[in-house]
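Colleague: next come a sequence and a model predicted from it.
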Amino acid sequence: MATYEKLEIEKIRKDFLILNTAFKETGRTPAYLDNAATTQKPLSVINAVEKYYKEENANPLRGLYKLSVAATDVYEEARVKTAEFINAEKAQEIIFTRNATESLNLLASSLGDMLLKEGDEIVVTIMEHHSNMLPWRAAAKRHNAKVTYLYCDEKGKITKEAFEAVMSDKVKIVSMAHVSNVLGVCNDIKTFVSIAHKYGALFVADGAQSVPHMKVDVLDLDVDFLAFSGHKMLAPMGIGVLYGKYKYLEAMPPFLAGGEMIETVTLDDVTYAEVPHKFEAGTVNAGGAVGLSAAMDYINRFGFEQIEERENFLTSYAFEKMKEVPGITIYGSDDAKEHHGIITFKLDGVHPHDVAYIMDSADVNLRAGHHCAQPLLKYLKTLSTSRISLAFYNTTGDIDRFIEELVNLRGKMGL
Ligand code: PMP
């Protein structure tokens, strides 16, 4: 039996109520194919958050009474579990944020302030989500530094040679998507990290599209920082993660200032709390952290070997059928295995927004637009595309519904 067949999908799907709830208007359940935007949440996550608010809620890290201690405990347990999940050396290397965007802004601000001076360079790729491009551009501007763009080829591959060509002693930071939210390609982070380190540059990986789908081991990759969002990996919205090597987090200045991030404050001076609290100003999202904890438990029940194999199977299934649709252009690699659940496409003569609207009338949910990666789309010579993105709980039935609509779509548009 293939590993993906070991996953009892019908049983798993019962955990995701939204996937089993028919729309009143149509009587159909959704074929949810927008998982790169956000995933659905299993009952165990929803129940864990409910339990936290019913039984354990108080302001964590502050009070000396039982409820506050309980809230602190569950919050810090989530930190330990997150560290284990990505194989960080210490729990203190995990900073909770709102999402990957906030993690990357924190870094661009604090790491930028620590490292950058006039004439320095930051390397980002052309395939970055705006969240991993705009914060670095702002940091470069503040420090009279420069952003250098690293290009992929037209199929989305970034070669070692292309990477080496942009590296020099001036480069202080490299920030790169692990998996692209448009092309689905998985960049060879491990090789790039080792090259970046030879030049003395620090390496930031945007793991928003990798951490939910594959085993990401920060020690093995040797990345200096990793950013990701809970809501793309079964957890609630509003909880994100920044991993950083302790020695750098310790040296970096704080991002936001306020409660809980200080040791002492006088009218003239301030000393900061230890890492990670130095980077977690204000009341933290304990309920979100509890949800993230439950989401990681859910993923750990199956493990990434099974999840990856199932998602690869679904990606190949969709890819092969999509390739046969008349008038379709698929962006990125010709090999389904390089897509990691993400297939971005265009249909001749149909605006991507029309694709999404018409799909919605059949309760097939997908994304249309620029996917927050306008420079990449311009490089690919388009303004807008449609995208399906898969999760392990999707079925071939979901994909069949999508393909059926796709085949009929041009006819419906009178083409
Ligand atoms: N990076 C990548 C590669 C993404 O796909 C996304 C979300 N689409 C983000 C960053 C930003 O994630 P969030 O909106 O959760 O901050």
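Modeller: Now that the structure is in, tell me what you want to look at.

Colleague: hey, let's count contacts and neighbours off CA atoms from now on
Modeller: Noted.

Colleague: so the spatially most central residue of the chain: helix, strand or coil?
Modeller: Nearest to the mean C-alpha position of the chain, counting by C-alpha atoms, centre = their mean, stands residue 208 at 1.2 Å. Under DSSP: H, G, I helix; E, B strand; the rest coil, residue 208 falls in the coil class.

Colleague: centre of the chain to stretch 330-343, how far?
Modeller: The chain centre lies 17 Å from the centre of stretch 330-343; the measure is C-alpha atoms, centre = their mean, to the nearest Å.

Colleague: could you give me the average pLDDT of that stretch?
Modeller: Averaging pLDDT along stretch 330-343 yields 98.

Colleague: list of residues touching that stretch?
Modeller: Residues outside stretch 330-343 that contact it (C-alpha atoms under 8 Å, 6 or more residues apart in numbering): 36, 154-157, 179, 181-186, 213, 311-312, 314-316, 319-320, 323, 344-346, 387-391.

Colleague: how about the CA coordinates for it, as PDB?
Modeller: Output of stretch 330-343 as PDB, limited to C-alpha atoms (Å, rounded to 0.1, in the frame of the first residue of the first chain):
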ATOM      1  CA  ILE A 330       0.600  26.200 -16.300                       C
ATOM      2  CA  TYR A 331       3.300  28.200 -14.600                       C
ATOM      3  CA  GLY A 332       6.500  26.800 -13.200                       C
ATOM      4  CA  SER A 333       8.000  23.300 -13.700                       C
ATOM      5  CA  ASP A 334       6.700  20.800 -16.200                       C
ATOM      6  CA  ASP A 335       7.200  18.200 -13.400                       C
ATOM      7  CA  ALA A 336       4.300  17.800 -11.000                       C
ATOM      8  CA  LYS A 337       6.700  16.800  -8.200                       C
ATOM      9  CA  GLU A 338       8.200  20.300  -8.300                       C
ATOM     10  CA  HIS A 339       4.900  21.900  -7.500                       C
ATOM     11  CA  HIS A 340       4.300  20.900  -3.800                       C
ATOM     12  CA  GLY A 341       0.500  21.200  -4.000                       C
ATOM     13  CA  ILE A 342       0.500  24.600  -5.800                       C
ATOM     14  CA  ILE A 343      -0.600  24.900  -9.500                       C
END
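
Colleague: distance of the residue nearest to the centre of the chain relative to residue 54?
Modeller: 30 Å (C-alpha to C-alpha, to the nearest Å).

Colleague: same thing with residue 66?
Modeller: Taking C-alpha to C-alpha, one finds residue 66 at 14 Å from residue 54.

Colleague: again, but for residue 390
Modeller: From residue 390 to residue 54 the distance is 33 Å (C-alpha to C-alpha).

Colleague: now do residue 110
Modeller: Distance from residue 110 to residue 54, by C-alpha to C-alpha: 36 Å.

Colleague: any idea which helix or strand carries residue 69?
Modeller: helix 66-85 (DSSP states H and E).

Colleague: for that helix, C-alpha coordinates in PDB please.
Modeller: Taking Å, rounded to 0.1, in the frame of the first residue of the first chain, the C-alpha atoms of helix 66-85 are listed here in PDB:
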ATOM      1  CA  LYS A  66      -3.600  29.900  39.200                       C
ATOM      2  CA  LEU A  67      -5.400  30.900  36.000                       C
ATOM      3  CA  SER A  68      -2.600  33.200  34.800                       C
ATOM      4  CA  VAL A  69       0.000  30.500  35.700                       C
ATOM      5  CA  ALA A  70      -2.100  27.900  33.700                       C
ATOM      6  CA  ALA A  71      -2.300  30.300  30.700                       C
ATOM      7  CA  THR A  72       1.500  30.900  30.900                       C
ATOM      8  CA  ASP A  73       2.100  27.100  31.100                       C
ATOM      9  CA  VAL A  74       0.000  26.300  27.900                       C
ATOM     10  CA  TYR A  75       1.600  29.300  26.100                       C
ATOM     11  CA  GLU A  76       5.200  28.100  26.900                       C
ATOM     12  CA  GLU A  77       4.300  24.500  26.200                       C
ATOM     13  CA  ALA A  78       3.300  25.600  22.700                       C
ATOM     14  CA  ARG A  79       6.700  27.300  22.300                       C
ATOM     15  CA  VAL A  80       8.500  24.000  23.300                       C
ATOM     16  CA  LYS A  81       6.400  22.000  20.900                       C
ATOM     17  CA  THR A  82       7.100  24.500  18.100                       C
ATOM     18  CA  ALA A  83      10.800  24.200  18.700                       C
ATOM     19  CA  GLU A  84      10.500  20.400  18.500                       C
ATOM     20  CA  PHE A  85       8.400  20.700  15.300                       C
END
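
Colleague: averaged pLDDT, the helix or strand that that helix is followed by. What do you get?
Modeller: Following helix 66-85 in sequence order, the next helix or strand is strand 94-97 (DSSP H and E). Taken as a whole, strand 94-97 has a mean pLDDT of 98.

Colleague: direction included, what does strand 94-97 pair against?
Modeller: strand 240-244 (antiparallel) (DSSP bridges).

Colleague: dump the C-alpha coordinates for the partner strand into PDB.
Modeller: Taking C-alpha atoms only, strand 240-244 is exported to PDB below (Å, rounded to 0.1, in the frame of the first residue of the first chain):
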ATOM      1  CA  GLY A 240       2.800  33.100  13.600                       C
ATOM      2  CA  VAL A 241       6.300  32.100  14.300                       C
ATOM      3  CA  LEU A 242       9.800  33.500  13.900                       C
ATOM      4  CA  TYR A 243      12.600  31.100  14.600                       C
ATOM      5  CA  GLY A 244      16.100  32.600  15.100                       C
END
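
Colleague: one step back: from the contacts of stretch 330-343, which ones fall inside strands?
Modeller: 344, 345, 346, 387, 388, 389 (DSSP state E).

Colleague: pipe those into JSON lines and attach neighbour count and distance to residue 380 per row.
Modeller: Shown next, in JSON lines, are these (neighbours: other C-alpha atoms under 10 Å; distance: C-alpha to C-alpha, whole Å):
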{"residue": "344", "neighbour count": "22", "distance to residue 380": "11"}
{"residue": "345", "neighbour count": "21", "distance to residue 380": "11"}
{"residue": "346", "neighbour count": "20", "distance to residue 380": "12"}
{"residue": "387", "neighbour count": "29", "distance to residue 380": "14"}
{"residue": "388", "neighbour count": "25", "distance to residue 380": "18"}
{"residue": "389", "neighbour count": "27", "distance to residue 380": "19"}
